[in-house]
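In: got a predicted structure here, sequence first:
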Amino acid sequence: MLAPHPDYNLFKSKLQRLLGDAISFKGVLYRACEPMYANTRDLLTGEGSRKTGGRWNPPRAFAITYLAQSLEGAVAESLGVTAHFGFDPSSRLPLTLVALDASLHGILDFSNAKTRKAIGVSVTAMLDCDWRRENHRGAEALTQALGRAAFDLGVEAIIVPSAVKRTLANVNVFWANLRTSSILKIRSAEKLPPPP
């Protein structure tokens, strides 16, 4: 179990004041993943991130599905993992790339300067956060605390700047918080293999 980030409660109270400014998103999102997970059961569950954690969620806390706002972003995020560990990017291939039709509500936009200012966290602090190192030390990282605070407040998703390429943005979805009116549907899902 990780030690909670010392500013978690502060972040949560500041985010709670921003809930009235939450936005909606309607459009196409993208995901690139290993073929073994590219089926209608596993592709969007966020179960892998729940188990191992990620930049915006601590391990074993909650599921989050990491999605990109562009094709380039989906591929960059998927291959960015190899760069972090110094692997050859070709070791991550092949990838399955999917498009998703999304209609989401109650989103907090951490890529927005006004939102970051209200929270008191800079884009540099978000992007330079070495969440793996923090977790290895037994501590929840800054970005994970922000994600956890948003999740605990019932937010459906967060828009975040990409740590792989700063000009890109991602939409990270909290499955447990989706409203019945929200949509996240794989396009051409019939082309994917059935669950193993």
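Out: That came in fine, so what should we check first?
In: residue closest to the middle of the protein?
Out: N172 (3.2 Å; Cα atoms, centre = their mean).
In: now the strands for this protein?
Out: 23-33, 65-68, 96-109, 157-161, 169-173, 183-186 (DSSP state E).
In: ok, the fifth one: who's next to it in the sheet?
Out: Under the criterion DSSP bridges, strand 169-173 sits next to strand 65-68 (antiparallel), strand 157-161 (antiparallel) in its sheet.
In: just send those back as TSV, with mean neighbour count too.
Out: In short, each C-beta sits where N, CA and C put it, glycine included. Shown next, in TSV, are the strands paired with strand 169-173 (neighbours: other Cβ atoms under 10 Å):
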stretch	mean neighbour count
strand 65-68	22
strand 157-161	24
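In: which one, of those strands, ends up nearest to Y8?
Out: strand 157-161 (15.2 Å; Cβ to Cβ).
In: chain center to that closest one: distance?
Out: 7 Å (Cα atoms, centre = their mean, to the nearest Å).
In: now do the nearest residue to S122 once chain neighbours are set aside against L127, distance only.
Out: Using Cβ to Cβ, 6 or more residues apart in numbering and skipping residues adjacent in sequence, the residue nearest S122 is R116, 6.5 Å away. Counting by Cβ to Cβ, to the nearest Å, the separation of R116 from L127 is 11 Å.
In: between the two, which one's more packed in?
Out: R116 (18 against 15; other Cβ atoms under 10 Å).
In: who are the neighbours in contact with A74?
Out: The contact partners of A74, by Cβ atoms under 8 Å, 6 or more residues apart in numbering, come to Y30, R31, A32, L67, A68, L97.
In: wait, which of these is closest to L79?
Out: A32 (8.2 Å).
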